[in-house]
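K.L.:
This is the structure alone, sequence omitted:
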């Protein structure tokens with residue numbers, strides 16, 4: 001009996017263990033089911049993130065490819081432009097050569113016209129380039145000024161005031177500040193010469209240089225020492241051609257009535273010529289109070305051109321005077337253009353003081369026209385010569401256009 005009881009309790013224990021194990025297995029299965037369902041719900045979100053990353057990488061790759069293509073295309077375009085530019089330059093070279101050839105052709109044509117005119121007996125001195133036989137320094141000056149900028153002539157001229165007039169027709173060919181009143185320096189000597197030549201005084205009368213003729217204002221130099229005796233004609237020659245100040249002063253001092261009467265005669269003559277903006281206080285031009293305008297000076301040039309002696313003395317290139325002691329002095333013209341056979345200069349006078357600058361007045365023939373040129377207050381040693389050369393070219397061009 002006891003054995004049966006023990007066997008029954010053993011089976012009961014085993015049964016209870018079985019039930020416990022079954023219950024535990026059932027609870028575990030229930031716990032796993034929500035975890036599995038949660039895991040199954042999380043997988044689509046991960047897939048979405050991964051797909052977004054993949055798509056982003058694809059877009060980045062596409063952008064890089066597109067940028068690389070654009071860069072290659074830009075470089076190719078730049079290369080093509082560079083090549084086309086080189087090709088265009090290569091093609092343009094013959095055009096430049098043709099332009100040079102045309103210029104040479106024009107020069108050749110001008111040379112032929114020059115030769116033809118000379119053969120036909122024309123005395124017009126047309127220049128082809130600069131081929132005159134004269135000092136190299138003058139040639140180089142002319143070349144330099146003719147090859148300057150092609151800007152308008154009013155901008156090219158170094159002179160602050162200028163006027164160019166056809167004396168026959170009174171046509172103004174060029175005008176730049178011609179009514180501005182300025183000091184005229186030794187251009188004053190043209191009026192001095194006009195008074196002397198119209199005075200009727202003998203040109204053979206002897207004149208002596210004295211201390212009164214020495215320049216104490218600017219202390220300018222002179223080779224005519226105190227005591228030098230020359231004829232009135234010689235004094236006038238040196239005053240006009242070489243701008244000799246002591247000679248000009250002595251001429252005025254030997255005028256009837258002396259220096260005051262001579263200066264009065266200068267101003268009276270200026271008024272009679274219609275030079276309303278002109279005033280003189282002495283005969284040399286050393287004073288800055290000797291003033292005039294370019295327009296007034298063309299009237300003086302017109303009057304002076306009627307005096308053969310002024311024409312001769314101002315256009316001479318050199319003169320030798322013999323002093324009483326036998327010494328000879330050689331003087332040269334202050335206007336280097338008179339030595340140039342290409343210029344037909346009839347009247348010429350230069351001038352300079354600091355207040356007036358470089359000045360030049362001339363009457364010359366250009367294409368069979370008598371032309372008066374006035375240049376005042378030019379800057380630079382040879383600037384007035386350059387202005388004259390440029391204005392001659394300008395007048396020649398204007399004449400040729402008028403003939404067309």
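P.N.:
Done, it's in. Model, not experiment: these values are computed from the prediction.

K.L.:
which residues of this protein fall in strands?
P.N.:
Counting by DSSP state E, one finds strands in the chain at the ranges 159-166, 171-176, 182-183, 206-208, 229-231, 291-292, 318-322, 328-332, 344-353, 357-366, 369-378.

K.L.:
can I get those in JSON lines with distance to residue 303, mean neighbour count and mean pLDDT?
P.N.:
In this view, the C-beta of every residue, glycine as well, is placed from N, C-alpha and C. As requested, the strands of the chain are exported to JSON lines (distance: least, CB to CB, whole Å; neighbours: other CB atoms under 10 Å; pLDDT from 0 to 100):
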{"stretch": "strand 159-166", "distance to residue 303": "13", "mean neighbour count": "23", "mean pLDDT": "95"}
{"stretch": "strand 171-176", "distance to residue 303": "18", "mean neighbour count": "16", "mean pLDDT": "94"}
{"stretch": "strand 182-183", "distance to residue 303": "20", "mean neighbour count": "22", "mean pLDDT": "98"}
{"stretch": "strand 206-208", "distance to residue 303": "24", "mean neighbour count": "16", "mean pLDDT": "97"}
{"stretch": "strand 229-231", "distance to residue 303": "24", "mean neighbour count": "17", "mean pLDDT": "97"}
{"stretch": "strand 291-292", "distance to residue 303": "13", "mean neighbour count": "22", "mean pLDDT": "98"}
{"stretch": "strand 318-322", "distance to residue 303": "23", "mean neighbour count": "14", "mean pLDDT": "94"}
{"stretch": "strand 328-332", "distance to residue 303": "25", "mean neighbour count": "13", "mean pLDDT": "95"}
{"stretch": "strand 344-353", "distance to residue 303": "10", "mean neighbour count": "23", "mean pLDDT": "96"}
{"stretch": "strand 357-366", "distance to residue 303": "11", "mean neighbour count": "24", "mean pLDDT": "96"}
{"stretch": "strand 369-378", "distance to residue 303": "11", "mean neighbour count": "25", "mean pLDDT": "95"}
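
K.L.:
For residue 338, find the nearest of those.
P.N.:
Between residue 338 and the strands of the chain, the tightest spacing by CB to CB is seen for strand 344-353, at 5.2 Å.

K.L.:
Which strands or helices does the closest one pack on?
P.N.:
Applying 3 or more CB pairs under 8 Å, 6 or more residues apart in numbering; DSSP states H and E, we find strand 344-353 packed against helix 188-198, helix 308-315, strand 357-366.

K.L.:
Kindly reformat those as TSV containing distance to residue 272.
P.N.:
Shown next, in TSV, are the helices and strands packed on strand 344-353 (distance: least, CB to CB, whole Å):
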stretch	distance to residue 272
helix 188-198	11
helix 308-315	17
strand 357-366	19
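
K.L.:
The ones you listed: which one's closest to residue 22?
P.N.:
Of these, nearest to residue 22 by CB to CB is strand 357-366, at 132.5 Å.

K.L.:
Against which helices or strands is that closest one packed?
P.N.:
strand 159-166, helix 294-304, strand 344-353, strand 369-378, helix 383-403.

K.L.:
Can you check what angle separates that strand from helix 308-315?
P.N.:
Counting by axes from the mean of the first three to the mean of the last three CA atoms, to 10 degrees, strand 357-366 lies at 110 degrees to helix 308-315.

K.L.:
if we can go back for a sec, can you list the helices and strands packed on strand 357-366 in JSON lines and add distance to residue 183?
P.N.:
Compiled in JSON lines, these are given as follows (distance: least, CB to CB, whole Å):
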{"stretch": "strand 159-166", "distance to residue 183": "11"}
{"stretch": "helix 294-304", "distance to residue 183": "12"}
{"stretch": "strand 344-353", "distance to residue 183": "7"}
{"stretch": "strand 369-378", "distance to residue 183": "8"}
{"stretch": "helix 383-403", "distance to residue 183": "15"}
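
K.L.:
Out of the helices and strands packed on strand 344-353, which is closest to residue 234?
P.N.:
helix 308-315 (9.9 Å).

K.L.:
residues of the closest one that come out buried?
P.N.:
Residues 309, 310, 311, 313, 314, 315 are the ones in helix 308-315 that count as buried (16 or more other CB atoms under 10 Å).

K.L.:
who wins for proximity to residue 238 among the strands of the chain?
P.N.:
Smallest distance to residue 238 across the strands of the chain (CB to CB): 5.8 Å, for strand 328-332.

K.L.:
Mind listing the strands that closest one pairs with, and their directions?
P.N.:
When pairs are called by DSSP bridges, strand 328-332 turns out to pair with strand 318-322 (antiparallel).

K.L.:
okay, and the helix or strand of the chain with the least pLDDT?
P.N.:
helix 136-146 (a mean of 49; mean pLDDT, DSSP states H and E).

K.L.:
which intervals of the chain have sub-threshold pLDDT?
P.N.:
The model of the chain has pLDDT under 70 over residues 1-9, 24-54, 57-58, 61-62, 64-65, 68-155, 398-404.

K.L.:
one more time with 80, if that's ok
P.N.:
Scanning the chain for pLDDT under 80 picks out 1-156, 398-404.

K.L.:
right, and residue 349 touches residue 361 too?
P.N.:
Yes: the criterion here is CB atoms under 8 Å, and residue 349 meets it with residue 361 at 5.3 Å.

K.L.:
what sits in contact with each of those two?
P.N.:
The contact sets of residue 349 and residue 361 overlap at 187, 190 (CB atoms under 8 Å, 6 or more residues apart in numbering).

K.L.:
Any idea what residue 183 is bridged to?
P.N.:
Residues in a beta bridge with residue 183, per DSSP bridges, are residue 291.
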